[in-house]
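coordinates for the following, if possible.
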Amino acid sequence: MAVSRSRRSTSGIVFIIAGALVLLSLLVPLLGLSAPWLFVLAEVALAVAFIILAVGAVNSTLAKVALIAAAVGWAILAVFGLGLGLPGTLLTIAAIVAAIGGLIGAILLYVGKEVTNASAIIFIIATILGALFLFALIGTLALGTLGTVVVVLFGAALIATGYYFTRKERGRK
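Numbers count the residues shown, from 1 in each chain. This is a model prediction of the structure:
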């Protein structure tokens, strides 16, 4: 099966949108406004970006499975953001699946040489920052005030990942 560069570009655009929403969800409250739905939209965008990447932009079956797992985790987290009263254990499982699935998927894209070095490294950094955020969210990691810095870096890394995914790639040797 041929890899679709257009789908990788599409996932890149969605990663940019997710990163912008993450940053907006942090900045809007500083203006005295309440917009908790911004982060829910960011989680939905992340789920969509991971699905697009998994289904149409990679060849490795293991990478597809990991990226789909990440997408499912982010989608469940978005459902939690809607306040539907799901069990807390499901939140923990979703955060762990999103974090580990995303990180493993990003590493497999690098190892499998499916994307350029720069794209893969930035994607790995974004997923590490996302994992730090998610582990802080479920209480397994205490970041304190450093949490704000992690969220800013996570949003910026998502935007950078999206930018690199939208660039025309020559391939890696």
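
okay, and the residue most central in space within the chain sits in which element?
Geometric centre of the chain, nearest residue: residue 46, 4.8 Å, by CA atoms, centre = their mean. Secondary structure from DSSP states H and E places residue 46 in helix 37-56.

circling back: so who does the closest residue to the residue nearest to the centre of the chain other than its chain neighbours touch?
Sequence neighbours aside, residue 74 is the residue nearest to residue 46 in space, at 4.3 Å (criterion: CB to CB, 6 or more residues apart in numbering). (C-beta placed from N, C-alpha, C; glycine too.) Residue 74 is in contact with 43-44, 46-47, 50, 94, 98, counting by CB atoms under 8 Å, 6 or more residues apart in numbering.

wait, what's in contact with residue 37?
residue 81.

now it: how far from residue 28?
Plainly put, residue 37 is 10 Å away from residue 28 if you go by CB to CB, to the nearest Å.

what average pLDDT does stretch 62-69 get?
Mean pLDDT, computed over stretch 62-69, is 94.

mind listing what's buried along the helix or strand containing residue 18?
Using DSSP H and E, residue 18 sits in helix 5-27. Buried residues in helix 5-27, counted by 16 or more other CB atoms under 10 Å: 7-26.

so how far is that helix off the chain centroid?
9 Å (CA atoms, centre = their mean, to the nearest Å).
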